[in-house]
Every structure is written in C-alpha cells, then in structure tokens.
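[1] structure here, sequence nowhere to be found:
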C-alpha cells in the first residue's frame, strides 16, 4: 500500500494492493516472474491477451488493452484493437471517415497519419492514449447532452 501511495496512486485501496500481489504471485508461479517469458510463451496476440487476463482476478479486457497499448511498439505479439473511444475521437477529429470500418484498417490509417506528422512508431501509444482521452471527453459531453434533453 505504501508503494502505491508513494507512486501517487492514493485512490487505490487494500483490495487493489491484494490484486497486485495475487498477480505477482501468479507471474512468479507460471512465468518465473517475467512478463517477457509470458510474452514469449504466448502463441499469438490473442493468446497473449488470454494469458494476461488470467494472471489474477480483476484483470479484464480493458486492463489488458491498456497494458498492451503501451507495449505495442515493444512486443511483437502486443496487438490490441483500438478502443471504441479512440475510434470515436479519431472520427470526431476527421482522422477517420465516419463510416465504420475494420479495426485493423483504422489502426493502420492512424499509424500512417502519426508517421506523416513526424511521430515514430515507438511513440504511437502516446497518440492512441490522447485519442482515448478525447473519446472519454466526447462520451461525457454526450452524456450531459442527454441529461439536458431529459
């Protein structure tokens, strides 16, 4: 708990600390304490997501997606889909056409735009994270519009 507090994660409680300990034990037991070993033992991107999700109770698809988004440029098997929030923001900002398309094509298009703007593949996750944050703002704004209409 003290480590979480020192790291600025004051909103986390003992339940979260317990989950982190459970995850660490599972990582030690199954992968010699190495996320690199977990990655190398995964047969595919889908298997990697499954292995991460089974490390401990409470690690769901969103947590796995966020984690792998940060490792997309480092681990070959880290290939999470773009979140709906990122896609909505990219459409709102006219980075993607309004008609829905395949997630992989949307990701490739955003990576292309990022490179054209001078971004590197290694820092694409910064752009993707910014899109997710913008998507959250859009979702909140829509929620306020709905409440106002009621």
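    Yes, it's here. Since we're looking at a predicted model, the values are computed, not measured. Numbers count the residues shown, from 1 in each chain.
[2] so after the lowest-mean-pLDDT helix or strand in the chain, what's the next helix or strand?
    Each helix and strand of the chain was given a mean pLDDT (mean pLDDT, DSSP states H and E); the minimum falls on helix 2-6 at a mean of 60. Later in the chain than helix 2-6, the nearest helix or strand by DSSP states H and E is helix 14-31.
[3] state the mean pLDDT of the helix or strand that comes right after that following helix.
    As assigned by DSSP H and E, the chain's next helix or strand after helix 14-31 is helix 35-41. In this model, helix 35-41 has an average pLDDT of 96.
[4] go through helix 35-41 and flag the buried ones.
    38-39 (16 or more other Cβ atoms under 10 Å). Quick note: C-beta positions are derived from backbone N, CA and C, even for glycine.
[5] mind checking which helix or strand the residue positioned nearest the centre of the chain is in?
    Nearest residue to the geometric centre of the chain (Cα atoms, centre = their mean): residue 66, 1.7 Å. Using DSSP H and E, residue 66 falls within helix 61-71.
[6] next structured bit after that helix?
    For helix 61-71, the following helix or strand on the C-terminal side (DSSP H and E) is helix 84-92.
[7] tilt between that next one and helix 61-71?
    If you take axes from the mean of the first three to the mean of the last three Cα atoms, to 10 degrees, helix 84-92 sits at 60 degrees to helix 61-71.
[8] done for today, thanks.
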